[in-house]
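Q: Model the structure of this input:
(chains A and B)
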Amino acid sequence: MSLDNVQWTELIVFTVLFLVVSVMGFVASRWKAGDTLEHLDEWGLGGRKFGSWITWFLVGGDLYTAYTFVAVPALIFGAGAMGFFALPYTVILYPIVFLPLLRMWSVSRVHGYVTPADFVKGRYGSRPLALIIAITGIVATMPYIALQLVGLEAVLRTMGLNGSGFLGHLPLFIGFLILAVYTYQAGLRAPALIAFVKDTLIYIVILVAVIYLPAKLGGWSTIFDKSAELLSAPGANGAPKGSTLLTPNNQLQYATLALGSALALFLYPHSLTGILASKGRNVIKRNMVALPAYSLLLGLLALLGYVALVSGAKPITNAATGRPDTNTIVPVLFDQQFSGWFAGIAFAAIGIGALVPAAIMSIAAANLWTRNIYKEYMRKDATPKQEAKQAKLASLVVKFGAVLFIVFVDPQFSIDLQLIGGVIILQTLPTVAIALYTRWFHIWGLVTGWIAGMGYGFWLLYQIPNPAAGKAHFGGSALTLDKLSFFGWSPFEGSKVQIYVGFVALLVNVVVAVLVTFLARKLRKPNGIDETSPEDYHADEGDPKLKAVASH
Amino acid sequence: MASGRPSGADRTRSTGLRWNAWNLLLIVPLAMLFTPMLNLDEPRVFGLPFFYWSQFAFVPIGVVCVGLVYVMTRDEPVATGKPDHLSVDDLDEGGKA
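A: Have a look, this model is predicted:
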């Protein structure tokens, strides 16, 4: 690896900040420590006692990931208005999940659930159904962790650490090794503490960027006019690359992608981890009001995609794949427009921004593995201490799996997988979210609905080409309606209007679940045993029904 | 916990669902998805086309709606330390591993 292109000032600032959070990560195990770290309530949920502020930083750091911060502006840079879906996605998210999350917190707190699959097992008393939910969660989370590495690598490569082969991935490997060790030691407390630094840095950087850069480039009006001109140039398939306003064909995609993503987000196990770690319903309610502050930030950051377009920034060619990586566009913009030390801070913000969600995701995946596969199928008599040990080891395996993924597989593949991940996690909605309200759906219906939604979703994703990337399959999540067919019947022949695949797959899932539920009820098939009672969904701090933390 | 659950009749009596009209406010922010109404260039504010600043305007709208629901439903009864609400079955919970 050549060190000629290394931006030393940036790299030094980045390294110093990285070391500071690493020390914090190691110290975190003693922060608000309980009697023991040898229990999943403590290691995996930080003692279930986080207050409003910690939860705000933790959940904010968890949902608004480094990848979001580099990928959303990159989308706008490449296609224009469509990429702005991230703003409505994160605005409608909170009103939608406000009530269900409270029920989820209460029932989990009464019964000591750590994962969504724990809840499903309690609600339906069905081990196969819980296993399906656990596996879906792990499979959807893995590429998400790998994506955080894509964000971190985009920054490292912009700073000049753009080697090829194994050496090119070495800086990433070292960074992740440190992360893995302190997460192993401190559990959820490590990302909770580091999130304070990450979010503060992100806020500073973005506020400076959105005030300083547009002024430097002639104001937003000029930026939008120039962007409209640049985006109207023909792209790979001869059509314009994009537009600064939505077109008649992508409006439905914009709305369904925002809605589908919002419905999916809290089905991801790692999002729920932050919620279950909070100490009461009021903490969650206050956060649902305060978390949109991050959405504002994300929206402003998204607009930097236009700033990058107008400034003439060019994505860096990834030396490992030999292709330009549009995810480097925001780092490149910072590198060109800011002095070395401030760019260093900006890169640290993005880099540390990758560590927080990666840690929480690996903890969530480890919790799922331990609670719903290891304890359920491999060691039924595992003690809480053995559970914690198993989860710690699983978190290491998950993280190194993600690193190997990035080193040996084209990063583009993890981006595709993440896209698929959103579609598949959405298929757990009837089993996890609707079950919070009603047990009307039958286990049979939920399982067949899941299979149908999953199968149909994959089949649709397979058919989507991406001419810009020269791919025939798995080219994106926007399906043109004319491709939609049910057993040979195409209801929207000739239509070029686009829709989000996950949304269609979810509809199919629900319809099948309803039909099979009717059938199963007709046949009087038993529908499992519910261990929760209606009152459990309203329990709050101080309720004698709550299960003592780290007791079971 | 198969044993000692409330019988079917008991469960239909209290569904565990609580209705509050203020919750309807949570639907309001979804209006931002009706893009045909919002997908316009003019009027611009600070140089931002209408589409962008109107989407941004929904951030405070969302905050106000969720905030109102939070404040107005505060008095809703939650189960906090009211032992009289506990049924015999619930007292049984401690025995669960």
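
Q: Stretch A:527-546 close to chain B?
A: Yes - residues of stretch A:527-546 are located near chain B by Cβ under 8 Å from any Cβ of the partner chain, namely A:529-531, A:533-545. All C-beta spots, glycine's among them, are computed from the backbone N, C-alpha and C.

Q: Repeat that for stretch A:218-238.
A: Yes - using Cβ under 8 Å from any Cβ as the criterion, contacts between stretch A:218-238 and chain B involve A:219-224.

Q: Reformat the residues you listed as CSV; add neighbour count, distance to residue A:23 and secondary structure.
A: Conversion of the residues of stretch A:218-238 next to chain B to CSV gives the following (neighbours: other Cβ atoms under 10 Å in any protein chain shown; distance: Cβ to Cβ, whole Å; DSSP: H, G, I helix; E, B strand; the rest coil):
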residue, neighbour count, distance to residue A:23, secondary structure
A:219, 12, 42, helix
A:220, 22, 40, helix
A:221, 14, 46, helix
A:222, 13, 44, helix
A:223, 23, 40, helix
A:224, 21, 44, helix
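
Q: Turn these into CSV, including pLDDT and distance to residue A:260.
A: Putting the residues of stretch A:218-238 next to chain B into CSV (pLDDT from 0 to 100; distance: Cβ to Cβ, whole Å) gives the following:
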residue, pLDDT, distance to residue A:260
A:219, 86, 35
A:220, 87, 29
A:221, 87, 33
A:222, 87, 34
A:223, 89, 30
A:224, 89, 28
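
Q: before we move on, back to that, can you say which of the residues of stretch A:527-546 next to chain B are buried?
A: Buried subset of the residues of stretch A:527-546 next to chain B (neighbour count, 16 or more other Cβ atoms under 10 Å in any protein chain shown): A:530-531, A:533-541, A:543-545.

Q: now, which of those sits nearest residue A:170?
A: Each of those was scored against residue A:170 by Cβ to Cβ, and residue A:541 proved nearest at 46.8 Å.

Q: Residue A:98 against residue B:29, yeah?
A: No - taking contacts as Cβ atoms under 8 Å, residue A:98 lies outside contact range of residue B:29: 10.7 Å.

Q: And those two? Which one has more around it.
A: Residue environment comparison for residue A:98 versus residue B:29 gives the larger neighbour count to residue B:29, 24 against 21, counting by other Cβ atoms under 10 Å in any protein chain shown.

Q: Excluding chain neighbours, what is closest to that one?
A: Leaving out its chain neighbours, the residue that sits closest to residue B:29 by Cβ to Cβ, 6 or more residues apart in numbering or on different chains is residue B:62, at 4.2 Å.

Q: What residues of the helix or strand containing the one you found count as buried?
A: When secondary structure is defined using DSSP states H and E, the element that contains residue B:62 is helix B:50-72. Of the residues in helix B:50-72, those with enough neighbours to count as buried (16+ other Cβ under 10 Å) are B:50-56, B:58-59, B:61-63, B:65-67, B:69-70.

Q: burial measure for residue B:23, as a count.
A: With neighbours defined by other Cβ under 10 Å, the count for residue B:23 comes to 16.

Q: Show the contacting residues for it.
A: Neighbouring residues of residue B:23 by Cβ atoms under 8 Å, 6 or more residues apart in numbering or on different chains: A:99, B:69, B:73.

Q: I'd like these as CSV, with distance to residue A:318 appended.
A: Formatted as CSV, the entries for those read as follows, by distance: Cβ to Cβ, whole Å:
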residue, distance to residue A:318
A:99, 44
B:69, 46
B:73, 50
